[in-house]
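any chance you can model this:
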Amino acid sequence: MKIECFIVFAFIPWYGAQESGSLNYKFYPELNGWLKLHTAIKAFDGAKKTCENEDAILGSPTGLDLLEKMKDLTRDGFNVPTSIYTGIKTYNGAYFSIDRKPIGKSAAKWGKGEPNYDRIEGKDICLLLQPDGTLATENCDSTRPFVCYKKVEKPEDEQCGPTAIDKEYRLDKQTRRCYKFVPEVKSWNDSVWNCLEEEAYPSTVYTVEKALAIKEIYTKKMLQEKTKEKTNVHFIGFRYYEDVEAWLTVFGQSIPEAAFWSNEQPIPFKDEKPINEQIACGAIDVTSDKPELSVVSCEEKYPSICEKPAPDEESVED
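Purely as a prediction, here's the structure:
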């Protein structure tokens, strides 16, 4: 009898570290996300683009756990002490990470002799994470290694909170704000109270970026529900106050003040007294290709937009 022997090679996967869809990402439970070290050096914009192409962001030490893991990855990835790019750079003179957290939220502190602006020569300023876990200034055109960070996403209807009301809101990742389109038509005052009852406020849509964000959410909502509202005009959170003769937001800010956020473009608005004191409440057309603020009668009934910060944001107003 002839006996044939077969050798079977079995591949047994190792589950010591989970990996995301992109090669070489490692999952860290304490971060609820993945990290990947890129040893190929790039300028800041190139590093930012690389992470975006991997559905991630350029990592910043915004928490102590994230700081420690970025330090560990850098130490283990190089034979000599090496500084890497963070996602923090200057915007209008202030430091913010790519996910819009101010430098005060960073777990890392300035290194010795930092910030040092002498070597930057007036160019854009980006921040490095040094081997000892401190921050240093750098010219954004310089090339450095970097770490990409990919956070585990919650289901879409849980990104604004766990309650039934929270689940009616939708998160815009760029503005870090949660929005809800209220289809029931109400007067401006009633719309304001409706938002406040949900621990939100009438939307402060005063920049083009925010207007485009809510337009995208609105369009997706209409497609999902296969419905069409009677009007595209929605109340938002500003009006003319006769006692102070000024257009103010529900937070008491002027429109230009409310429109400021890093490098975003304010929506043009004519700050003039209304011809009719009844037509004095703020609105916006959520379907317009060119976002424009408008004013309508405060007593007319329109749908509205409520807004609140994402759960991981502390500030109420931009």
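
by residue count, tell me the biggest helix in this protein.
helix 208-225 (DSSP state H).

could you identify the helix or strand that succeeds that one?
strand 233-241 (DSSP states H and E).

which strands and helices lie in contact with that next one?
When contacts are defined as 3 or more Cβ pairs under 8 Å, 6 or more residues apart in numbering; DSSP states H and E, strand 233-241 sits against helix 188-197, strand 201-202, strand 246-249, strand 281-285, strand 293-296, strand 302-309. Where you see a C-beta, it was placed from the backbone N, CA and C, and this is true even at glycine.

if you set the cut-off to 6 Å instead, what comes out?
strand 246-249, strand 281-285, strand 302-309 (3 or more Cβ pairs under 6 Å, 6 or more residues apart in numbering; DSSP states H and E).

Serialize the ones you listed to TSV and add fields for mean neighbour count.
Formatted as TSV, the helices and strands packed on strand 233-241 follow (neighbours: other Cβ atoms under 10 Å):
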stretch	mean neighbour count
strand 246-249	19
strand 281-285	24
strand 302-309	23
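
could you dump those into TSV and include mean pLDDT?
Below are those laid out as TSV (pLDDT from 0 to 100):
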stretch	mean pLDDT
strand 246-249	84
strand 281-285	87
strand 302-309	92
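
do you know which of those strands lies nearest Y206?
Smallest distance to Y206 across the helices and strands packed on strand 233-241 (Cβ to Cβ): 7.8 Å, for strand 246-249.

against which helices or strands is the closest one packed?
Secondary-structure packing of strand 246-249 (3+ Cβ pairs under 6 Å, 6+ apart): strand 233-241.

got a list of contacts for the helix or strand harbouring L128?
L128 belongs to strand 125-129 when assigned by DSSP H and E. Residues outside strand 125-129 that contact it (Cβ atoms under 6 Å, 6 or more residues apart in numbering): 44, 61, 70, 83-84, 86, 88-90, 135-138, 140.

next, count neighbours for the residue nearest to T219 when sequence neighbours are not counted.
Take T219 and drop its neighbours on the chain: the residue closest to it by Cβ to Cβ, 6 or more residues apart in numbering is T287, 7.7 Å away. Burial of T287 is recorded as 14 neighbouring residues (other Cβ atoms under 10 Å).
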